[in-house]
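Visitor: Fold the stuff below for me.
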Amino acid sequence: MRGGGARRALTGLLAAACAIALAGCSLLPGLGAQAQPEQSSGSLPLPAKPAGTVEGFGSQQPKWQSCGKALECADVYAPLDWAQPEGERITLRLIKHRATGSDRLGTLFMNPGGPGASGVGQVTGNLQGSTSAALRSQYDIVSWDPRGVSASSPVRCLTDRETDERLYGLDPEADLPEGSDEWIAAANAEVRKYGEACQKRTGALLGHVDTGSTVQDLDMLRAIVGDPKLNYLGYSYGTYIGARYADRYPAKVGRLVLDGAMDPTASLSEVVYAQTLGFESALRAYVADCIGTSGCPFTGSVDAGMRQIGRVLQQVDQKPLKGADGRWVTVGTLITAIITPLYSQDSWPYLTDLFTQVPKGDATVALQLADFYNDRVDGKYQSNSSDAFSAINCLDYPRDQDAATMRREAAELAAAAPTMGKYQGYSGVSCGGWPIEPVGDRSAVRAAGAAPIMVVGTTGDPATPYRWAQSLAKQLESGTLVTFTGEGHTAYGTGNACVTRTVDDYLLRGRVPSADPQCS
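Guide: This next block holds a predicted model:
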């Protein structure tokens with residue numbers, strides 16, 4: 001049985017589109033480590049139940065408790081449905097690192113991306129990599145698990161065993177011709193079955209984890225900490241939260257940095273197209289860097305190396321590899337393994353190990369990389385990032401499922417990205433059978449009247465292509481673009497002195513560059 005078919009499209013798309021979830025965690029500390037530190041899902045003491053009004057929720061007094069060295073955590077209430085704040089409540093988990101200096105500026109909120117990534121995990125495991133010492137001195141750094149994610153009221157869909165089957169299993173419909181009406185129907189049925197499992201285990205929350213609701217949560221959190229305006233550092237999908245916040249609450253914008261920008265106007269198929277081209281380009285950069293070095297599995301030109309990778313993908317598509325624990329490396333799993341080290345040039349050596357082992361039939365490194373990406377440690381998933389990702393995206397993106405259009409777009413993608421593109425088409429099936437209708441749109445953002453907003457883009461970013469940063473900066477009435485010429489996903493926190501100086505100057509002193517500093 002092959003590893004292609006409907007499940008390949010679903011997991012392969014997840015691998016490309018969920019790339020954003022690792023923002024702020026681009027280096028692989030070890031192949032056995034999880035992408036985000038494990039967080040307790042146990043509840044913390046809650047404040048008094050607020051009045052069922054927007055103002056009531058914003059007046060809560062969190063009961064902060066120690067949750068690590070120099071860290072405090074708290075749970076607060078939020079309405080399940082902001083249109084009915086007097087109704088059912090959910091909880092949100094917050095984490096805070098208090099300003100270490102005496103010249104405190106207020107609170108800087110952070111979000112690591114996703115959708116589905118844990119803000120609590122980012123602060124616990126990567127605070128120093130996500131912020132400078134100067135920011136930590138003058139700001140209380142606060143992050144949170146957005147609704148539906150991790151230690152906040154979470155989306156629940158599958159058991160660990162069922163998740164293994166979804167991410168590492170063979171496709172029972174693999175023999176159907178990809179893109180045929182029967183194949184699309186089978187894909188929709190699989191998505192519907194998955195979505196109904198989410199509905200059964202999550203309940204009404206599943207229909208209220210959209211980004212619009214998270215934006216309203218963020219404004220509530222701003223009010224809770226007592227800041228009149230929002231100061232914010234968002235990575236990747238976190239830029240989408242920040243951009244939508246600015247558009248909804250322009251008068252409440254303080255200092256916003258959006259690093260690794262998403263384009264709010266991009267459809268799901270446009271996102272997958274751009275990201276696939278981005279990862280293909282990053283893969284070429286890796287091959288060029290690898291050729292001629294000791295232990296490199298490629299010889300000849302960069303094009304020859306890319307063709308070699310293409311043959312490996314085709315081989316695994318036709319005959320998946322079975323790991324020692326019985327899990328399968330299908331072509332979708334292999335693509336997940338490939339893109340994981342492409343977030344940071346420092347992680348490229350893992351690709352050399354991968355492309356040395358897989359052609360020999362060894363699934364070990366492929367599974368280790370996919371496990372890192374999927375937050376799986378010792379057979380247990382440390383977060384619900386995969387389920388939250390699906391639930392949030394299927395509410396945020398309008399359905400894009402016309403069969404003829406999907407076939408045309410799949411052919412275009414295969415031609416534009418000849419190594420990886422043929423495995424990333426048919427994005428419309430990812431939410432085609434989802435049991436809840438989407439509520440989001442892909443309208444442009446303006447944030448008319450907002451204070452200056454800084455948009456940071458990396459020219460070689462595979463997950464959030466540079467042109468998205470250009471687009472977002474143009475959409476925002478007060479947007480200013482900061483370009484970093486380099487490789488990898490996001491720029492701030494990578495150690496580039498120009499980027500650090502520019503972002504810190506803005507967040508600490510409100511200084512906006514008169515022109516793009518063109519960092520390199």
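Visitor: Which strand or helix spans the nearest residue to Pro115 once chain neighbours are set aside?
Guide: Once flanking residues are discounted, Pro115 sits nearest to Ile392: 3.8 Å by C-beta to C-beta, 6 or more residues apart in numbering. In this view, the C-beta of every residue, glycine as well, is placed from N, C-alpha and C. Element membership of Ile392 [criterion: DSSP states H and E] is helix 385-396.
Visitor: returning to that earlier point: give me the pLDDT value at the residue nearest to Pro115.
Guide: pLDDT for Ile392: 98.
Visitor: And for Leu13?
Guide: pLDDT for Leu13: 44.
Visitor: And for Ser344?
Guide: We note a pLDDT of 89 for Ser344 in this prediction.
Visitor: I'd say it and Gly486 touch.
Guide: No: using C-beta atoms under 8 Å, Ser344 makes no contact with Gly486, being 10.3 Å away.
Visitor: Show me whatever sits in contact with both of these two.
Guide: When contacts are counted by C-beta atoms under 8 Å, 6 or more residues apart in numbering, the set common to Ser344 and Gly486 consists of Thr494.
Visitor: Which parts of the stretch 151-300 of the chain are helices?
Guide: All helices of the stretch 151-300 of the chain, identified by DSSP state H, counting those that start in this stretch, fall at 160-168, 181-202, 211-225, 237-248, 268-290.
Visitor: Could you look over these and pick the most buried one?
Guide: helix 237-248 (a mean of 27; mean count of other C-beta atoms under 10 Å).
Visitor: Only alpha carbons, please: show that helix as PDB.
Guide: Only the C-alpha atoms of helix 237-248 are listed here, as PDB (Å, rounded to 0.1, in the frame of the first residue of the first chain):
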ATOM      1  CA  TYR A 237       1.100  33.600  12.500                       C
ATOM      2  CA  GLY A 238       1.500  36.000  15.500                       C
ATOM      3  CA  THR A 239       1.800  38.700  12.900                       C
ATOM      4  CA  TYR A 240      -1.600  37.900  11.700                       C
ATOM      5  CA  ILE A 241      -3.100  38.300  15.200                       C
ATOM      6  CA  GLY A 242      -1.200  41.600  15.500                       C
ATOM      7  CA  ALA A 243      -2.300  42.900  12.100                       C
ATOM      8  CA  ARG A 244      -6.000  42.000  12.800                       C
ATOM      9  CA  TYR A 245      -5.700  43.600  16.200                       C
ATOM     10  CA  ALA A 246      -4.400  46.800  14.700                       C
ATOM     11  CA  ASP A 247      -7.100  46.900  12.100                       C
ATOM     12  CA  ARG A 248      -9.800  46.400  14.800                       C
END
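Visitor: from the middle of its chain, how far away would that helix be?
Guide: 14 Å (C-alpha atoms, centre = their mean, to the nearest Å).
Visitor: Would you mind getting the angle between that helix and helix 211-225?
Guide: Taking axes from the mean of the first three to the mean of the last three C-alpha atoms, to 10 degrees, one finds that helix 237-248 is oriented at 80 degrees with respect to helix 211-225.
Visitor: now the angle between helix 385-396 and helix 237-248, please.
Guide: Orientation check (the same axes, to 10 degrees): helix 237-248 against helix 385-396 gives 30 degrees.
Visitor: tilt between the helix or strand that contains Thr333 and helix 160-168?
Guide: Counting by DSSP H and E, the element that carries Thr333 is helix 331-339. Interaxial angle, helix 331-339 versus helix 160-168 (the same axes, to 10 degrees): 80 degrees.
Visitor: Render the CA-only coordinates of the helix or strand that helix 331-339 is followed by in PDB, please.
Guide: Per DSSP H and E, the first helix or strand lying C-terminal to helix 331-339 is helix 349-357. Extracted in PDB, the C-alpha atoms of helix 349-357 (Å, rounded to 0.1, in the frame of the first residue of the first chain):
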ATOM      1  CA  PRO A 349      23.300  19.400   9.100                       C
ATOM      2  CA  TYR A 350      20.200  17.400  10.100                       C
ATOM      3  CA  LEU A 351      19.300  17.400   6.400                       C
ATOM      4  CA  THR A 352      22.600  15.800   5.500                       C
ATOM      5  CA  ASP A 353      21.800  13.000   8.000                       C
ATOM      6  CA  LEU A 354      18.300  12.600   6.600                       C
ATOM      7  CA  PHE A 355      19.400  12.300   3.000                       C
ATOM      8  CA  THR A 356      22.100   9.900   3.900                       C
ATOM      9  CA  GLN A 357      19.800   7.600   5.800                       C
END
